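> mind looking at a prediction? Sequence and model below.
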Amino acid sequence: MQWYFVAALLTVLTSSQGILTTLSQSKGEYKYDYATVPFLAEIFKLAVSSLLLWKECKKSPLPKMTTEWKTVSLFPIPSVIYLIHNNVQFATLTYVDTSTYQILGNLKIVTTGILFRLFLGRRLSNLQWMAIVLLAVGTTTSQVRGCGEASCDSIFSAPIQGYMLGVLSACLSALAGIYTEFLMKKNNDSLYWQNIQLYTFGTFFNMARLLADDFRGGFENGPWWQRIFNGYTITTWMVVLNLGSTGLLVSWLMKHADNIVKVYSTSMAMLLTMILSLFLFNFKPTLQLFLGIIICMMSLHMYFAPPNLLLDKPLTVKLDEEKLIEVSIDRRTLS
């Protein structure tokens, strides 16, 4: 399976995730406990990975599975980072509005590139760095509202704590992705075995969150396991399957591609969501949206296109190459 096919599928699933979540609402509110969705998604990913590992073990030779505690103990760390990141997200939203938060979230594109270089030691060309910055600019441009709107000034009027928490949130998101890639490529273990370790700890932490919510609410509605499916509809189950499938695709990209591919997939998904919203939710297109799409397409081409398609050779070099070809052809005819 080629990475660009997985990346394209991830883009489609990620873009549909927000749309499905919106459609799962009833009269603008959730009839189900949305905290149960990531828990069930972790269960789904764990079940699929276990099934795939079982099939892989039936083949010869057996897949490599490291069981040393020194290695296994590294897998809870991404879940801990994501747990901290989720709390920072809520704290950020107490200081800034949703539009400002989305724009600050685009910083994770640049921070992913920086951590990609610092922690994984991957070198990027100057052209690739320019492409990453362009991607952040393009996604931000598509989200900025017109300055004739009342919320335009709110982007620059948030307190300093909001911007600091926004930067911290972007760094934590990038760090979790980079660390996950490090784990996936640390050894030659089976991808499905690595997924089982990741999702086992992910299930545990999501279960702990549900239990903590019950304690904070004084078990007013009963324990979470008695009401876990309350309010669920077909659309809600589609959200669960979408979230679980997205996680499986991301783990595949972490193993066989890298974080930059994932960043491009999720960024393009955001633009695709906006385009689909034009038809589904009467979302009005803006000039900023079209400019953002153009900038992101330029960034995509700059980062992944072969260098010979980006740089034209000097005319003198082309003439010299043509002369060499003519001489070689003449020699062949003479011989």
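Looks like it arrived, so ask away. None of these values were measured; they are calculated from a predicted model.
> Asn242 reaches Ser16, doesn't it?
Yes - counting by CB atoms under 8 Å, Asn242 touches Ser16, with 6.3 Å between them. From N, CA and C alone the C-beta is placed, and that goes for glycine too.
> just the helices in the stretch 201-335 of the chain please.
234-256, 259-280, 287-304, 307-310, 315-334 (DSSP state H, counting those that start in this stretch).
> out of those, which comes closest to Gly121?
helix 259-280 (13.1 Å; CB to CB).
> what about dumping the CA coordinates of the closest one to CSV?
Taking C-alpha atoms only, helix 259-280 is exported to CSV below (Å, rounded to 0.1, in the frame of the first residue of the first chain):
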residue,chain,number,x,y,z
ASN,A,259,4.7,13.3,10.5
ILE,A,260,5.0,15.8,7.7
VAL,A,261,2.8,13.6,5.5
LYS,A,262,0.2,13.4,8.3
VAL,A,263,0.3,17.2,8.7
TYR,A,264,-0.4,17.7,5.0
SER,A,265,-3.2,15.2,5.1
THR,A,266,-4.9,16.8,8.1
SER,A,267,-4.4,20.3,6.7
MET,A,268,-5.9,19.3,3.3
ALA,A,269,-8.8,17.7,5.2
MET,A,270,-9.6,21.0,6.9
LEU,A,271,-9.8,22.7,3.5
LEU,A,272,-11.9,19.8,2.1
THR,A,273,-14.3,20.2,5.1
MET,A,274,-14.8,23.8,4.3
ILE,A,275,-15.5,23.0,0.7
LEU,A,276,-18.0,20.3,1.6
SER,A,277,-19.7,22.7,4.1
LEU,A,278,-20.5,24.9,1.1
PHE,A,279,-23.0,22.3,0.0
LEU,A,280,-24.1,20.7,3.3
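> buried residues, it. List them.
259-274, 277 (16 or more other CB atoms under 10 Å).
> from the contact counts, what lies against the helix or strand Thr22 falls within?
Following DSSP states H and E, one finds Thr22 within helix 3-23. Counting contacts by 3 or more CB pairs under 8 Å, 6 or more residues apart in numbering; DSSP states H and E, helix 3-23 packs against helix 234-256, helix 259-280.
> Cys171 is nearest to which of those?
helix 259-280 (13.5 Å).
> was I right to think Ser142 contacts Ile293?
Yes - if you go by CB under 8 Å, Ser142 and Ile293 touch, sitting 6.6 Å apart.
> which of the two has more residues huddled nearby?
Set Ser142 next to Ile293 and count neighbours by other CB atoms under 10 Å: Ser142 wins out with 23 against 19.
> how close does that one get to Ser26?
Distance of Ser142 to Ser26, given as CB to CB, to the nearest Å: 29 Å.
> again with Leu51
For Leu51 relative to Ser26 (CB to CB), the value is 33 Å.
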